[in-house]
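> my questions are about this predicted structure, shown below with the sequence.
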Amino acid sequence: MTYRFSDLVTACEGDWRTYIEHEFVRALGEGALEEEAFRHYLKQDYLFLIHFARAYALAAYKSRTLEDLRQAHEGLKAIVDLEMGLHVDYCREWGISEEDLAALPEARATMAYTRYVLDTGNRGDLLDLHVALAPCLVGYGEIANWLNGRPETVRGKGNPYDAWIAMYESDEFQAAMRAERDWLDARLADVTPARFAELTQVFRDATRLEIDFWQMGLDRAD
Ligand SMILES: Cc1ncc(CO)c(N)n1
């Protein structure tokens, strides 16, 4: 038996679909999401991205080979150069200044998810860490594609969140997503069933924390 990334998704199908097709995502795609919910999400995502960049740096630190180091670097670049740059501009358009961002209190859902990933990476090995990171990079790429395949999704000027979808459907982000999936496919191919069960638990927990992150936005929870 050899495993692939898609086996993790199949093993967690219910949680994965709840994450990808969350009410927050649907409303965003339809342009119907409440602006305050989006603003809350956007601010917390800034804090999230800072910790996720640290997690990719941890992946770099834990790498034994140049190939693994390159993959960690790809993830770090996708966050720091691509997402973060756009994020700060995007926040400004939504009336959130860099001073606001610097002074933000961290919501519990943000703390829970980011610290879970960092702890999983510290406790485990490089594969544990990449599996904990996968719902983020792979999930958001899939969300953009799912939204684009949905007739209810509104694109262009009719949707105030169009730029958000554009970010995650972009060639750069989609390429980073595919590289992460390929890396995981290669590493999962020779794990034992017992190890796969451990990794499934990590993937499921990270996916559940992504669900909570959307819900935190909808509820404006702190
Ligand atoms: C919560 C969350 N998950 C995934 C991504 C994609 O990097 C993001 N920006 N925020």
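Sure thing, it's come through.

> in the helix or strand where residue 215 lies, which residues are buried?
Taking DSSP states H and E as the criterion, residue 215 maps to helix 193-219. Neighbour counts using 16 or more other CB atoms under 10 Å place 196, 199-200, 202-214, 216-218 of helix 193-219 among the buried residues. For every residue, glycine as well, the C-beta is placed using N, CA and C.

> so which elements touch it?
Helix 193-219 sits against helix 5-11, helix 13-20, helix 23-30, helix 35-61, helix 108-123, helix 126-148, with contacts defined as 3 or more CB pairs under 8 Å, 6 or more residues apart in numbering; DSSP states H and E.

> other SSEs contacting the helix or strand just after the last one?
In other words, helix 126-148. Under the assignment DSSP H and E, the closest C-terminal helix or strand after helix 126-148 is helix 162-169. Of the remaining helices and strands, those touching helix 162-169 by 3+ CB pairs under 8 Å, 6+ apart are helix 23-30, helix 84-93, helix 126-148.

> the ones you listed: which one's closest to the ligand?
Comparing the helices and strands packed on helix 162-169 against the ligand with CB to the nearest ligand atom, the closest turns out to be helix 126-148 (3.7 Å).

> spell out which parts of the chain neighbour the ligand.
Those residues of the chain that sit near the ligand, judged by CB under 6 Å from any ligand atom, are 45, 48-49, 83, 136-137, 140, 210, 213.

> which of these are buried, as a ChimeraX select command?
Provided next is the ChimeraX selection string for whichever of the residues of the chain next to the ligand are buried by 16+ other CB under 10 Å:
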select :45,48,49,83,136,137,140,210,213
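
> now the residues of the chain next to the ligand as TSV including pLDDT and distance to residue 29?
Formatted as TSV, the residues of the chain next to the ligand follow (pLDDT from 0 to 100; distance: CB to CB, whole Å):
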residue	pLDDT	distance to residue 29
45	95	17
48	96	20
49	95	21
83	89	19
136	95	19
137	92	20
140	97	13
210	98	17
213	98	17
